[in-house]
Structure formats: structure tokens, C-alpha cells
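**Q** Here is my input, please return the structure:
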Amino acid sequence: MRAFIAANNPAVSAVSVVEVLGYHKLTAPDKQHFEEFFAAAQVLSVSDAVVRRAVGLRQQRKMTLGDALIAATSLEYGRALVTRNLSDFQWVAGLTVLDAFNLPTS
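**A** Below is the predicted model of the structure:
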């Protein structure tokens with residue numbers, strides 16, 4: 001994961017920041033790790049276009065609000081989505097989904 005991040009320009013949805021740092025069982029060391037990562041990453045805002053696309057995704061298939069906003073952010077900004085939950089996103093047309101546990105090395 002670290003090699004992938006170093007070789008790519010990391011960006012995250014603002015929704016991901018809220019989901020990760022807002023997790024009530026986040027340990028202090030994990031919180032520090034994620035805060036450092038988010039500080040180094042570009043945080044992609046939830047724009048009107050992202051909201052419209054998220055609405056469209058939820059109209060197609062049942063998905064959580066967070067997943068819809070994250071997928072829509074990836075689509076609107078033309079970014080791949082790195083996740084452990086592949087099955088939640090693989091159906092989304094045009095979305096590149098990468099397995100967080102099996103990332104390309106280059």
C-alpha cells in the first residue's frame with residue numbers, strides 16, 4: 001500500500017475522511033496514521049455534480065449514502081477507487097475499482 005501511495009497522487013473523498021476519522025473505535029495510533037495520510041492526500045469535495053451522480057447511483061441500486069458519495073466522487077474526479085469492499089462498487093459503470101489488499105506495484 002505504501003509503495004502504491006508513493007507512486008501515485010493520493011486523493012480521498014471528503015466522505016472517506018469523515019467515515020474513517022469518525023469511526024468510534026479508532027485507536028489513537030490509527031487516528032494519527034490516518035490524520036497524517038489525509039493531510040498528505042488531496043481531499044476531494046462533495047460538489048453539486050457529485051451529489052447528482054450519487055443520487056443517480058442510488059436510484060439504480062440499493063447502496064449506502066456514504067458508498068454512493070464515494071463512488072460518485074471517484075467518477076466525477078476521474079479517479080480509481082481503492083477499497084476492501086470490492087463487491088459494493090464493482091457494478092458501477094465506468095468506475096475503476098482496485099483491491100486495497102492487492103494493489104499494483106507500479
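
**Q** SS state for Val82?
**A** strand (DSSP: H, G, I helix; E, B strand; the rest coil).

**Q** quick one: it from Ser13, how far?
**A** As for Val82, its distance to Ser13 is 11 Å (criterion: Cβ to Cβ, to the nearest Å). Glycine gets a C-beta too; all of them are placed from N, C-alpha and C.

**Q** Out of these two, name the residue with the larger neighbour count.
**A** Applying other Cβ atoms under 10 Å to Val82 and Ser13 shows that Ser13 carries more neighbours, namely 24 against 20.

**Q** Do you know the pLDDT at Ser87?
**A** Model confidence at Ser87, given as pLDDT, is 92.

**Q** go on, the one 4 residues further on?
**A** The model reports Trp91 with a pLDDT of 96.

**Q** repeat for the one 4 residues further on
**A** Listed pLDDT for Leu95 reads 97.

**Q** Tyr23 - that's part of a helix, no?
**A** No - judged by three-state DSSP, Tyr23 forms no part of a helix; its state is coil.

**Q** Can you get me a residue count around it?
**A** Applying other Cβ under 10 Å, we find 12 residues neighbouring Tyr23.
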